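K.L.:
Take this sequence and fold it.
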Amino acid sequence: MQVLRGVPELRAAILERRLAGDSVGFVPTMGVLHEGQLSLVRRASAENGCVVVSSFVNPAEFPTLDESSPMRRDEQRDLALLERDGASLVFLPEVTTLYPPDDLTRVSVEGLTRQLEGASRPGHLDGLTTVMLKMLNLVGPASVYLGQRHAQQIVILRRMMRDLFMNIELVICPTIREADGLALSSANASLSIEERHAATCIFAALNAARAAYNSGERSAEVLRARMTELIAAESMARPDYVSVADAASLVELARVTGPALALVAVWIGPTRLTDNMPLAWDVA
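P.N.:
Predicted structure coming up:
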């Protein structure tokens, strides 16, 4: 496994692997790796001869709400896990490598980057699309691997890649969860024992929406109410948003007549957690 910090070194290493006949799979991360991210690395390794993993946080564009803080990252721990699970190249750029002082370009997917997470965290999703376009241009992968927990990001990136005619396969992998259903996230480490127990209301709410849908309920308002009721029953939980939206446009629905997403963002004490559940379709 090679660890690379500069753009020329990264491009040279990827070119060498391509000339050797390897397909390139890409797993973007923000460090503080957990089993959810490592499962993406393992799948990419099973499907590609070369797996590129990036670990990058831009503090100016990624507020530390449900994402890992650069102050908490343990580079040596992450590298050991990545080598164990099949990473070929690990890209660890400095902020100035991707955002030099004269950098002016930003990428926005109109509409999709302004709602849900975009409304709660202004600028965050434009930062996501910008850094992802930079990364995809640098790596040039055949496939990029993402987890379903970041559903809105997936919708946005799929649209960006389609609109910009990017010939890259977007591979979506199921959310990895704890035994009680809590989605794996680096933010979980910030929860106290009591908060960790309270956080189970998130999966309970999403499960209730899916169960109601599977039982024939098609009113999105009823599904939102079911989720809101279960979250409100937990005294340590404070919802940011509760959504039932179209799976492609993220437009809030009146009725669920096709693929949709139940999405929530919930504060558990001082920690903000996000999760989602597909309705009327399954993640492969």
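K.L.:
Can you list the low-confidence ranges for the protein?
P.N.:
For the chain, the stretches with pLDDT under 70 are 59-72, 281, 283-284.
K.L.:
Let me see the ranges of the helices in it.
P.N.:
Counting by DSSP state H, the chain forms helices over residues 7-19, 35-47, 75-84, 95-98, 117-120, 124-139, 151-163, 193-198, 200-214, 220-232, given from the N-terminal end onward.
K.L.:
Any buried residues in the longest one, and which?
P.N.:
In terms of neighbour count (16 or more other Cβ atoms under 10 Å), helix 124-139 has its buried residues at 124-136, 138-139. For every residue, glycine as well, the C-beta is placed using N, CA and C.
K.L.:
any idea which of those residues is closest to residue 276?
P.N.:
residue 125 (15.1 Å; Cβ to Cβ).
K.L.:
residue contacts, the closest one?
P.N.:
The neighbourhood of residue 125, defined by Cβ atoms under 8 Å, 6 or more residues apart in numbering, consists of 109, 112, 113, 114, 117, 118, 152, 153, 156.
K.L.:
Now for the fourth one: which residues touch it?
P.N.:
When you say that, I think you mean residue 114. Applying Cβ under 8 Å, 6+ apart, the residues near residue 114 are residue 125.
K.L.:
Grab the CA positions of stretch 271-284 and hand them over as CSV.
P.N.:
What follows is stretch 271-284, C-alpha atoms only, in CSV (Å, rounded to 0.1, in the frame of the first residue of the first chain):
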residue,chain,number,x,y,z
THR,A,271,-24.3,15.4,18.8
ARG,A,272,-26.1,15.6,15.4
LEU,A,273,-26.9,12.3,13.7
THR,A,274,-28.4,11.6,10.3
ASP,A,275,-29.9,8.5,8.8
ASN,A,276,-32.4,7.3,6.2
MET,A,277,-34.5,4.4,5.0
PRO,A,278,-35.4,3.6,1.3
LEU,A,279,-39.1,3.2,0.7
ALA,A,280,-40.4,1.2,-2.3
TRP,A,281,-36.9,0.0,-3.3
ASP,A,282,-33.8,-1.7,-1.8
VAL,A,283,-30.1,-0.9,-1.8
ALA,A,284,-28.3,-3.8,-3.5
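K.L.:
if we can go back for a sec, mind checking which of the helices of the chain is nearest residue 265?
P.N.:
Taking Cβ to Cβ, helix 117-120 is the member of the helices of the chain nearest to residue 265, at 6.3 Å.
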